[in-house]
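Novice: sequence-free structure coming up:
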Ligand code: PLP
């Protein structure tokens, strides 16, 4: 145990102290600068120390730091909801504000369940989600998540969730299938799972639009989510899209699902919503779900002390206004092309790089011990941890993930740099990653 009273993620070593952040850089107490190329975990979309966000937070603290939502609403929460609904996919008319991604997923699961209770279908009690997914670490979110390593020791505490295949073309699309046929096959698998459980028993299908924390950026094949949406509609099952990591501009549109031509019933957002300036997440809901709760019990049976925290809402509102004012979604699309090109140029022929995939400024590199067989490295080697350490030593923060416990999928590195990164900075990120990989392999 190290000399600290904080319970850190790793109990046997004390991480360096972060003392400052400006733009795409973080600085530690020894004066070393790091490029924040994963934005924490795809959090820091505007970089650090953005003056407009800081000013909005200061102004809100001066006005009102906190008021409990059982007594009050606030101007800033109303304005943020207006902003999010104005820019949301069709029919998403309301926002529910929480403190982060896991809380957003918990709230979405409960809202979906309550919706069916309110409309007279209380027998619906089951969720279907995907293997190789991540939805957060609270018990409900962990239960729908498909990360075997994170779930393992808590398994007896988790609700029973059916897990179907992720959309993972690099590993699971068959040689005789087009991407479209593969997507249709996955939708049929979902259909079969719903029928097996009993269509009138299922509340919702839960999926990350673009898989992130467990699978190193899984971009869906064309038509997959449209087919999934059709299956859900046919059975009266809700579609919950988790855009905690891939949403709020990260993929080049405000919501990743815009590029897949689907509108969910509930959508979770967090991370880039507040850009790390404050902890905040939200559930965006279709009007009919909120209307059902309103016409029924008249309240949503949920609640946390910090719902709609004014300073968090002020930070998020400022972040979203900067993104809009500065045309940053367009910048993400252009910068994403540049980053993807740069990664492919530097690593495309590398004998241990199996796949490079991404959308917008959200990229994953999957590592293999041997390319032809797509063989993952032995998980015991903890390659992802070595890459993280080598990158850190070179002043680069990346988000690495290990392979699955059953050894089926390999190690990944995820990149999610701030939207304000320049092309030259993106090239520096790729250069340092290339060096880190070389040193770690
Ligand atoms: N959902 C997704 C898709 C995520 O990637 C994450 C975090 O990485 C979460 C939920 C949980 O969010 P948080 O860590 O803010 O609780």
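Specialist: That came in fine, so what should we check first? Computed from a prediction, not measured in an experiment: that's the story for all the values here.

Novice: Excluding chain neighbours, give the residue nearest to the residue positioned nearest the centre of the chain in space.
Specialist: What sits nearest the mean C-alpha location of the chain, by Cα atoms, centre = their mean, is residue 245, with 1.9 Å. Distances taken as Cβ to Cβ, 6 or more residues apart in numbering put residue 212 closest to residue 245, at 3.7 Å, once the chain neighbours are dropped. Placement of C-beta: from N, CA and C, glycine included.

Novice: any idea how far the one you found lies from the ligand?
Specialist: 5 Å (Cβ to the nearest ligand atom, to the nearest Å).

Novice: thinking again about what came up before, the residue nearest to the centre of the chain and residue 215 touch, don't they?
Specialist: No. Using Cβ atoms under 8 Å, residue 245 is not in contact with residue 215; the gap is 10.9 Å.

Novice: Who are the contact partners of the residue in the chain positioned nearest to the ligand?
Specialist: Distances between the chain and the ligand by Cβ to the nearest ligand atom are smallest at residue 101, namely 2.1 Å. The neighbours of residue 101, taking Cβ atoms under 8 Å, 6 or more residues apart in numbering as the test, are 135-136, 141, 242, 244-245, 268, 270-271, 281.

Novice: One more: residue 68?
Specialist: residue 305.

Novice: What of residue 167?
Specialist: So residue 167 contacts 130, 182-183, 186, 211, 218, 220-221, 224 (Cβ under 8 Å, 6+ apart).

Novice: Residue 206 contacts residue 146, correct?
Specialist: No. Using Cβ under 8 Å, residue 206 makes no contact with residue 146, being 9.9 Å away.

Novice: tell me, what's touching the two both at once?
Specialist: By Cβ under 8 Å, 6+ apart, the residues touching both residue 206 and residue 146 are 129-130.

Novice: And the two? Which one has more around it.
Specialist: residue 206 (29 against 25; other Cβ atoms under 10 Å).

Novice: Any chance of the backbone angles for that one?
Specialist: phi -120, psi 130 (degrees, to the nearest 10).

Novice: Dig out what it forms beta bridges with.
Specialist: Applying DSSP bridges to residue 206 yields these beta-bridge partners: residue 240.

Novice: What's the separation between it and residue 329?
Specialist: To residue 329, residue 206 is 26 Å away according to Cβ to Cβ, to the nearest Å.

Novice: Then residue 100?
Specialist: Taken as Cβ to Cβ, the span from residue 100 to residue 329 is 23 Å.

Novice: contacting residues around the nearest residue to residue 131 once chain neighbours are set aside?
Specialist: Nearest non-adjacent residue to residue 131, counting by Cβ to Cβ, 6+ apart: residue 146, 4.0 Å away. Shown in contact with residue 146 (Cβ under 8 Å, 6+ apart): 129-134, 163, 166, 214.

Novice: can you check residue 370 too?
Specialist: In this structure, residue 370 makes contact with residue 351, judged by Cβ under 8 Å, 6+ apart.

Novice: what pairs with it across the strands?
Specialist: Applying DSSP bridges, one finds that residue 370 bridges with residue 375.

Novice: quick one: buried residues of stretch 48-57?
Specialist: Within stretch 48-57, the residues that count as buried by 16 or more other Cβ atoms under 10 Å are 48, 50, 53, 56-57.

Novice: what's that stretch in contact with?
Specialist: Outside of stretch 48-57, the residues within contact range by Cβ under 8 Å, 6+ apart are 20-26, 36, 46, 275-278, 311, 314-315, 317-319, 321-322.

Novice: before we move on, what about stretch 215-223?
Specialist: Contacting residues not belonging to stretch 215-223 are listed as 132-133, 166-169, 173, 179-180, 182-184, 208-212, 260, 357-359, 362-366, 401, 409, 412-414 [Cβ under 8 Å, 6+ apart].

Novice: That stretch near the ligand anywhere?
Specialist: No. Stretch 215-223 is not in contact with the ligand by Cβ under 6 Å from any ligand atom; minimum separation 10.4 Å.

Novice: next one: that stretch to chain centre, how far?
Specialist: Chain-centre distance of stretch 215-223: 13 Å, with Cα atoms, centre = their mean, to the nearest Å.

Novice: And residue 294, which helix or strand is it part of?
Specialist: helix 287-295 (DSSP states H and E).

Novice: what packs against the next helix or strand after that helix?
Specialist: Next along the chain after helix 287-295, taking DSSP H and E as the criterion, comes helix 310-325. On a contact count with 3 or more Cβ pairs under 8 Å, 6 or more residues apart in numbering; DSSP states H and E, helix 310-325 meets helix 51-63, helix 75-86.

Novice: Check which helices and strands the helix or strand just after helix 310-325 sits against.
Specialist: Downstream of helix 310-325, the first helix or strand assigned by DSSP H and E is helix 328-347. Using 3+ Cβ pairs under 8 Å, 6+ apart, the elements in contact with helix 328-347 are strand 353-359, strand 362-367, helix 423-440.
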